[in-house]
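Visitor: Build me a model:
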Amino acid sequence: MKDVLIIIPTYNEAENILRIIESIFSLHKDINILVIDDNSPDGTSGKVKEVISKTNNNLHLKIRQSKLGLGTAYLLGFKWAIENKFNYVISMDADFSHNPLDIKKLYDSCAYNNNDLSIGSRYIKGINVVNWPLGRIILSYLASWYVRIITGMNIKDPTSGFVCYSTKTLKRLSLNSIRFNGYAFQIEMKFKLFLMKFILHEIPIIFTDREFGKSKLDGSIIGEAFFGVISMKLKSMFSR
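Guide: Below you'll find the model as predicted:
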């Protein structure tokens, strides 16, 4: 899997970052990881710097000067992956909500089954979420239903952040046109590729809530996603 880049955006993930890096490399020794840290005050980037020299040049770090958000971090990573000629990019969280064991399933779906995008899905086979409070499960599940109704995408987990993209697919997408930065970013990426008739495929995963650190979910992110979906749909209708 030398042609794969894992992108992990971070903000205050000092408790998790070395554990996730070690876990990924223990399973996939020749894979590459790019950590994009938003100048975390807890020293996340310093933890990464401590181990870079021990990873055979397979661990990379970008430090941004302030908290600029999830979407812009991934866009930076996508462009870096294209510039460095990786064939596949996998986005994932630092907090173990995405299991490193599932990386190969997402990769295989694109590399061997000719899918342009593979999505680690919490909802393709029931509700596979561990340790979330009931209220958050209901909110997430209803959000996914809402996105499907508005956009017309038959994707059970459109807000999933555990996704494998082929870089040839990303090259076809105008990355600079991506507007949203929170959870709506995940929806927008899928919706634009859906409109372009790319093949999007869901892979069942089990999502486990973080053990260390704090969730970045807040009301502004939820609001961006709620109103952003309507905005995306209307824009797509009038741009045909």
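Visitor: What is the end-to-end distance of stretch 47-63?
Guide: 12 Å (CA to CA, to the nearest Å).
Visitor: For it, buried residues please.
Guide: Within stretch 47-63, the residues scored as buried using 16 or more other CB atoms under 10 Å are 47, 48, 55, 58, 59, 60, 62, 63. Where C-beta positions appear, they are placed from N, C-alpha and C, glycine not excepted.
Visitor: likewise stretch 125-136?
Guide: Within stretch 125-136, the residues that qualify as buried by neighbour count (16+ other CB under 10 Å) are 129, 132.
Visitor: Show residues contacting that stretch.
Guide: Contact partners of stretch 125-136, identified using CB atoms under 8 Å, 6 or more residues apart in numbering, comprise 122, 137, 140, 141, 204, 205, 206, 207, 208, 209.
Visitor: ditto for stretch 73-82
Guide: Counting contacts by CB under 8 Å, 6+ apart, the residues outside stretch 73-82 that touch it are 5, 7, 9, 34, 36, 38, 60, 62, 64, 89, 91, 165, 167, 170-171, 175-176, 178, 185.
Visitor: quick one: which of those sit in helices?
Guide: Judged by DSSP state H, those include 167, 170, 171, 185 as members of helices.
Visitor: Quick one: end-to-end length of stretch 60-70, please.
Guide: 18 Å.
Visitor: same question for it, mean pLDDT?
Guide: Here the mean pLDDT over stretch 60-70 is 95, rounded to a whole number.
Visitor: List buried residues within the ones in helices among the contacts of stretch 73-82.
Guide: Among those, those scoring as buried are 167, 170, 185 (criterion: 16+ other CB under 10 Å).
Visitor: export the residues you listed to CSV and tack on distance to residue 231?
Guide: What follows is those, written out as CSV (distance: CB to CB, whole Å):
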residue, distance to residue 231
167, 27
170, 22
185, 13
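Visitor: which other helices and strands contact the helix or strand bottoming out on mean pLDDT in the chain?
Guide: The helix or strand with the lowest mean pLDDT-type score in the chain, counting by mean pLDDT, DSSP states H and E, is helix 219-238 (a mean of 74). Applying 3 or more CB pairs under 8 Å, 6 or more residues apart in numbering; DSSP states H and E, we find helix 219-238 packed against helix 134-151, helix 183-195.
Visitor: tell me which residues of the last one are tucked away?
Guide: For helix 183-195, burial by neighbour count (16+ other CB under 10 Å) applies to 183, 184, 185, 186, 187, 188, 189, 190, 191, 192, 193, 194.
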